[in-house]
Structures are given as structure tokens and as C-alpha cells.
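S.K.: Provide a 3D model corresponding to the input given below.
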Amino acid sequence: MLRFLDAGESHGPSLSGIIEGFPAGVNINIEEINNDLRRRQGGYGRGKRMKIESDSIDILSGLINEKTIGSPISLVIKNKDWENWKDKKIRPQTIPRPGHVDYAGSIKYGFQDLRNTLERSSARNTAMRVAIGSFAKQLLREFNIKIFSYVTGIGSKSIKKYSDNNEQIESMIYDSPVYCPDKIASVEMCKEIEVAGEEGDTLGGVFEVFVPYVPPGLGSYVFWDRRLDSRLASSIMSIPGVKALEIGDGIKSAKKRGSAVHDEIFSEGNSKNNILQYYRKTNRAGGIEGGVTNGEPIVIKVYFKPIPTLLNPLNSIDFATKKEIRAGYQRSDICVVPAASIVGGSVAAWEIANAFLEKFSGDYLLEIKENYKNYKKRLQKL
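M.R.: Numbers count the residues shown, from 1 in each chain. From the prediction side, this is the model:
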């Protein structure tokens, strides 16, 4: 039902995007999109470029009076750093940085100047992914589905405990400089980032995407490419820097017996989902079984590698001289895991919204709500 295209380079004049298939009648809060963009630029450990850019969205079509009209939505985010680069003569970059796509991408496309690769591959492009994901978040909220994404680990420091109250956890996330709902762990993570920065190094970490109140039946088991877990994994792995993910207790489950892994189903008691009369005492499956949502919260853990641009560069080669040399250094971040958590939540929102519209399709919001209401009535009779 939904699809998008995005375009733009890191130091080009702007990033652009087009959304197709978004239903009519959805009120879009533009300031909320801009808040998501600001959060993507934030987080302890960011570099100098974040002081240059102050991202905001321009919506060129698809909305009238901040309400969607069913036609394609076109978006633009201007790159303020463009003004600093457009008239400069920049020498070719010929030394690939280990961990970036500089080397592989330039071989693929036959570039001698690695900038032709790094401009498009830059994580700068995730700004548009966040803006597009914000539309999906606002659509899902019409159906009481909210997306929470937060940091659970940076370097060797990990979260200890946090509230399971959805409203409370949201405020705690953004009160933290690293978007972590554990105050003590947040302080430890910030110190870890400081030490890495002093040593000219970088840090990766882990963030979690948590989506409660998802109705059962989203996704499908009938074809491999319609499984929701497959689609979520593919989209999240497309975020620069993501190297692994698990849904629910995927990694821990591999070391246990089935009796200790699968979530038993009960019929008496309170369901965490306001649709189902059945419930689980555990959610080790992370809300998805066989590629289909089962009514429990979707839980995705995402593992993010350290930024490859290092103040103390690693060994590389020079494409121009064919000799071994240290990789170059450009302005960079020490840690972007908090920002990555915002991108991850946005990307997940898009895939879940897409699956939601496949199940409850309609051209305008009230039609979709009517379809959803009828589905809930049927579930309550099971």
C-alpha cells in the first residue's frame, strides 16, 4: 500500500522524498516531524555538523491545511552545509576508510574519487527516513499504536532497569542525553563516550524498538517477503551502521530448550492488548510468530557498530598511489547510537504502518477506522 523514494547527497543542496499511497484525511503535525528531526541530530557524542544543520521539513504537496489528501506527498530538507561547500574546489578523496563503503562502493561504480560514493552513502540521508517515518507514526497513533525507541547499551555500559509504563518511559527517554530510560546507566554511558573521545576512538551500542498494542494478524506467513519480521529486519538493516538485530529473545532462545522459549497462551486474566481476550505471561517471541503479529508488543533489539571515521585512523591504501597509508580523518561523531534509535523507530513505524494498511486497507482514514473496528469486533467473539 505504501512506498517511498528518497534522494540527495550529504553535501548537496537538499534531501528529498516522495510518499505514495498515504491515505487521505490524516492530520499531520509538522512540528512533530521537526521534533523527530531534532532528536535525530541530538544525543551525547555527536560531531560538529550537528551544530551547522538545524533540520526542518518543507512539504511541497499532498497536504492541504495540514491534512493528507491522498495524492503523493513530496518532502524537502535543506542542507545548510551546502553553502559552505558549493563554491569550494575539493581535491579528490582517494583513501578509503575501513568500515565505510568507500572501498567497495567505488570499486562497484568505477570511481577514483571516493566522494562520489560517500556522499550518497552518508548517514546524513537518514534525516529523510526519519521525516517519512514520522508520517507513519502519526497514522499509527490514530489506532492507539505508538512507537518507542531507546538506547539500552553504549560500549560496555548497559541499561539496568526502567519503568514499563509507556507514558513514563517516553518522558524518561528524552530527559536522557543518550535517550536511555535508565538515569544511572545514562550517566555511565556518557562517561564511556567521553573516554572514547579523549582516546580518539568511537563507540557503538544497542537500541530497542518497542511497539505495544499492535493488533494480531499483521504480516503474513504465506510468502517469505510478506513476513513482517523479515520486512522489519530488512528495513532496519538498511540503516547505515546496523550490523545485527534480534526480535524478542532471538539470540538467547538459540541456547535454550523449546519449553523455556515459547510463550504459552492463557484465556483467563488481563490481556496487555486491548483487543484480545487471550494473553501471554511472557513475550519471548517479540510479538511476531511465523511472520505474523500475535497481539503482544513488538520488541526489536538493534546492534549498531562504532563509527568508522576515527581521529586515530586505521591502515588503508591510497587508490592514487597504490601504497599503504593511514586513512584520512574528517569531522565525525564519537557515538551516534542515540540518533540511530530515532532512525530505527521511524523505519519500524513505516513497515508496521504498511502492514496495517495491507490488513485494513482504505483510501481515507474513516474508511480504515471502520475496517479496523469491524475486525476488533470479530476478534472479541473468538
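S.K.: is it true that residue 371 touches residue 358?
M.R.: No: under the criterion of Cβ atoms under 8 Å, residue 371 makes no contact with residue 358, lying 11.4 Å away. For every residue, glycine as well, the C-beta is placed using N, CA and C.
S.K.: shared neighbours, those two?
M.R.: By Cβ atoms under 8 Å, 6 or more residues apart in numbering, residue 371 and residue 358 have no common neighbours.
S.K.: and residue 250, how many neighbours does it have?
M.R.: Burial of residue 250 is recorded as 18 neighbouring residues (other Cβ atoms under 10 Å).
S.K.: meant to ask about residue 31
M.R.: 9.
S.K.: Which secondary structure state does the residue nearest to residue 320 when sequence neighbours are not counted sit in?
M.R.: The shortest distance from residue 320 to any non-neighbouring residue, by Cβ to Cβ, 6 or more residues apart in numbering, is to residue 94 (4.2 Å). Applying DSSP: H, G, I helix; E, B strand; the rest coil to residue 94 yields a three-state assignment of coil.
S.K.: Over to residue 252?
M.R.: helix.
S.K.: Report pLDDT for it.
M.R.: Residue 252 carries a pLDDT value of 92.
S.K.: just the strands in the stretch 1-150 of the chain please.
M.R.: 3-8, 14-20, 58-61, 63-64, 67-68, 73-78, 148-154 (DSSP state E, counting those that start in this stretch).
S.K.: Could you do the stretch 201-350 of the chain as well?
M.R.: Using DSSP E, counting those that start in this stretch, strands in the stretch 201-350 of the chain cover 205-211, 242-247, 265-266, 279-280, 288-289, 292-293, 298-304, 315-317, 324-326.
S.K.: Can you name the residues that contact residue 343?
M.R.: By Cβ under 8 Å, 6+ apart, the residues touching residue 343 are 40, 126, 129-130, 133, 239.
S.K.: cutoff 7 Å now
M.R.: By Cβ atoms under 7 Å, 6 or more residues apart in numbering, the contact list for residue 343 reads 40, 126, 129-130, 239.
S.K.: And residue 57, by the same measure?
M.R.: 30, 33-34, 37, 75, 77, 131.
S.K.: Report the buried members of those residues.
M.R.: 33-34, 37, 75, 77, 131 (16 or more other Cβ atoms under 10 Å).
S.K.: low-confidence ranges in this structure?
M.R.: 48-53, 85-87, 163-165, 167, 268-274, 331 (pLDDT under 70).
S.K.: Give the closest residue to the most far-flung residue of it relative to its centre in space, chain neighbours not counted.
M.R.: The outermost residue of the chain relative to its centre, with distances by Cα atoms, centre = their mean, is residue 321 at 38.9 Å. Of all residues not flanking residue 321 in the chain, residue 94 sits nearest, at 8.0 Å (Cβ to Cβ, 6+ apart).
S.K.: neighbours of the one you found, just the number please.
M.R.: 20.
S.K.: Surely it touches residue 117?
M.R.: No: if you go by Cβ atoms under 7 Å, residue 94 and residue 117 don't touch, sitting 11.6 Å apart.
S.K.: Including distance to residue 185 and neighbour count, could the contacts of residue 343 go into a markdown table?
M.R.: Below are those laid out as a markdown table (distance: Cβ to Cβ, whole Å; neighbours: other Cβ atoms under 10 Å):
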| residue | distance to residue 185 | neighbour count |
| --- | --- | --- |
| 40 | 21 | 27 |
| 126 | 25 | 25 |
| 129 | 27 | 24 |
| 130 | 24 | 27 |
| 239 | 23 | 18 |
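S.K.: Name the nearest of the residues you listed relative to residue 98.
M.R.: Closest approach to residue 98 among the contacts of residue 343 (Cβ to Cβ): residue 239, at 19.6 Å.
S.K.: any idea how far the residue nearest to the closest one when sequence neighbours are not counted lies from residue 131?
M.R.: Distances taken as Cβ to Cβ, 6+ apart put residue 343 closest to residue 239, at 5.3 Å, once the chain neighbours are dropped. Residue 343 sits 11 Å away from residue 131, going by Cβ to Cβ, to the nearest Å.
S.K.: who's in contact with residue 267?
M.R.: By Cβ under 7 Å, 6+ apart, the neighbours of residue 267 are 277-278.
S.K.: ok, it to residue 28 distance?
M.R.: Taking Cβ to Cβ, one finds residue 267 at 40 Å from residue 28.
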